[in-house]
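Asks: next one to model:
(chains A, B, C and D)
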There are 2 protein chains.
Amino acid sequence: MVEDTKERIRAVALALFTTHGYEQTSLREIADRVGITKASLYYHHPSKQALLIAIVEPLLTEWRMMVERLAAAPHTPEHVRDVLGECLDTMLRHRDACALFARDVPALLTAVGPILVEAKELGTRMNAWLAGPDPSLADRVRAFAATEVLNSALASAVMLPSVPQDELRATLLDAAAAVLGLPRTEPAPGRPGG
Amino acid sequence: MVEDTKERIRAVALALFTTHGYEQTSLREIADRVGITKASLYYHHPSKQALLIAIVEPLLTEWRMMVERLAAAPHTPEHVRDVLGECLDTMLRHRDACALFARDVPALLTAVGPILVEAKELGTRMNAWLAGPDPSLADRVRAFAATEVLNSALASAVMLPSVPQDELRATLLDAAAAVLGLPRTEPAPGRPGG
DNA sequence: GTCTATACCAGGATAGAC
DNA sequence: GTCTATCCTGGTATAGAC
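Replies: Predicted structure coming up:
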């Protein structure tokens, strides 16, 4: 494939940005690990910022579409649960990029401010929907808390690697639902845990 | 007071580190805002790293003591609730420093690695206690999620400044308890929200 | 498409006068 | 205790050969 190198750069950069941070990762480090030089890197990506954007854009796009769809979604318990699940799946699919957003805010803010602003705005809309129609202040707080619960998937995946992904998903979904005060789903015959 | 300047530097630095990030804040910026020069700043704090440590140490000390006390605490529902509350209060008391820890991980990791490692270890012990004796995997995940709920106090305080702190506290405490599956406290006659 | 070499700049840190 | 002036490192980015 023609753009093999470009892709490899993206993959390596994502990994390094996520583990060491955006500012803490030098282009030299990325180039070294890819097996090329800094100058070659610049041939494929015009700047460090552009590289970051190329990495982050796919997640943002998907997230944006998801939030757009919310506008038409009715706020029923089952639907809320579906949305939480979809949200969680998106996060797990873009695990690394999400972790970057969550843990490296100041760096991303100075590097790609407008993108962060949009991400924050999407988060606000998501929360407004989750809080339901005509929400109390407590409802809004709970909506925030619920999304934080989903967020803990990122930390959990790292700290508890032995947890199978389905169980992680199910547990966090129940937890988020509990925060929002949703009725529990049927107890499912062989449910795990004491 | 003799050390007035030193204190003012700390206050300004904390504010800037929290809003713009550690790496993104230059010593010149801090000095400017305090109304002195970089060189004077170095008279009070021997390095940027030392300044960061001076800012972060109080929180870490308090946190450490709290976790120490957990070793002797029985894992009863009321006690779990108390611990969650204490945890939340500590966070709210050190709001800014906490936000720094939560949102600027990579920078802090490279600047004060060992401190971050200890903080992470304290978090692990906290979670181990929260998960209860002989926990299932799901219990551990829930413990993580519960602490994340408390964490959302930081974001909530910024995004929903109109929420009075008591209500924020009570709502998040209930939410965290719900995540852990604790029995609800008595419905409290004039409970807010719809 | 990849290289070597280099310009350029910002930020942390120090020396030494006052 | 505060200042001016300077050093030094390291990082982004570019020029131009192969």
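
Asks: break down chain A into its helices, ranges please.
Replies: Under the criterion DSSP state H, helices of chain A are mapped to A:4-20, A:27-34, A:38-44, A:48-70, A:77-93, A:95-103, A:105-111, A:113-131, A:137-159, A:165-180.

Asks: what's near enough to touch A:Thr124?
Replies: Going by CB atoms under 8 Å, 6 or more residues apart in numbering or on different chains, A:Thr124 touches B:Met159. C-beta coordinates here come from the backbone N, C-alpha and C atoms, glycine included.

Asks: can I get the helices of chain A in a markdown table with mean pLDDT?
Replies: Listed next are the helices of chain A as a markdown table, based on pLDDT from 0 to 100:
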| stretch | mean pLDDT |
| --- | --- |
| helix A:4-20 | 97 |
| helix A:27-34 | 97 |
| helix A:38-44 | 97 |
| helix A:48-70 | 97 |
| helix A:77-93 | 97 |
| helix A:95-103 | 97 |
| helix A:105-111 | 98 |
| helix A:113-131 | 97 |
| helix A:137-159 | 96 |
| helix A:165-180 | 97 |
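
Asks: so which of those is the most surrounded?
Replies: helix A:137-159 (a mean of 23; mean count of other CB atoms under 10 Å in any protein chain shown).

Asks: what is it packed up against?
Replies: On a contact count with 3 or more CB pairs under 8 Å, 6 or more residues apart in numbering or on different chains; DSSP states H and E, helix A:137-159 meets helix A:77-93, helix A:95-103, helix A:113-131, helix A:165-180, helix B:137-159, helix B:165-180.

Asks: out of the helices of chain A, nearest to DNA strand C?
Replies: When the helices of chain A are compared by CB to the nearest atom of the strand, helix A:38-44 sits nearest DNA strand C, at 3.0 Å.

Asks: quick one: contacts for A:Ala176?
Replies: Taking CB under 8 Å, 6+ apart, we find A:Ala176 in contact with A:84, A:88, A:146-147, A:149-150, B:145.

Asks: quick revisit: can I get the helices of chain A in TSV including distance to B:Val80?
Replies: Formatted as TSV, these follow (distance: least, CB to CB, whole Å):
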stretch	distance to B:Val80
helix A:4-20	33
helix A:27-34	44
helix A:38-44	51
helix A:48-70	34
helix A:77-93	24
helix A:95-103	26
helix A:105-111	31
helix A:113-131	26
helix A:137-159	17
helix A:165-180	15
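
Asks: surely A:Leu70 and A:Asn127 touch.
Replies: No - between A:Leu70 and A:Asn127 there is no contact under CB atoms under 8 Å: 10.6 Å.

Asks: domain ranges for chain A?
Replies: Residue ranges for the domains of chain A, per automatic domain parsing: A:1-45, A:55-180.

Asks: for A:Tyr130, which non-adjacent residue is closest in space?
Replies: No, residue A:130 isn't Tyr; it's Leu. Spatial nearest neighbour of A:Leu130, excluding adjacent residues (CB to CB, 6 or more residues apart in numbering or on different chains): A:Ala143 at 3.9 Å.

Asks: I figured the one you found hits A:Ser136, correct?
Replies: No - applying CB under 8 Å as the test, A:Ala143 and A:Ser136 come out as separate, 10.8 Å apart.

Asks: what about the closest residue to A:Leu16 other than its chain neighbours, how many residues nearby?
Replies: Residue nearest to A:Leu16 in three dimensions, not counting chain neighbours: A:Thr25, with 4.4 Å by CB to CB, 6+ apart. If you count neighbours by other CB atoms under 10 Å in any protein chain shown, A:Thr25 ends up with 21.

Asks: which residues does A:Thr25 contact?
Replies: By CB under 8 Å, 6+ apart, the residues touching A:Thr25 are A:13, A:16-17.

Asks: which one of those sits closest to A:Val34?
Replies: Using CB to CB, A:Ala13 is the member of the contacts of A:Thr25 that sits closest to A:Val34, with 8.7 Å.

Asks: ok, the closest one touching A:Ile55?
Replies: Yes - using CB under 8 Å, A:Ala13 is in contact with A:Ile55, at 6.2 Å.
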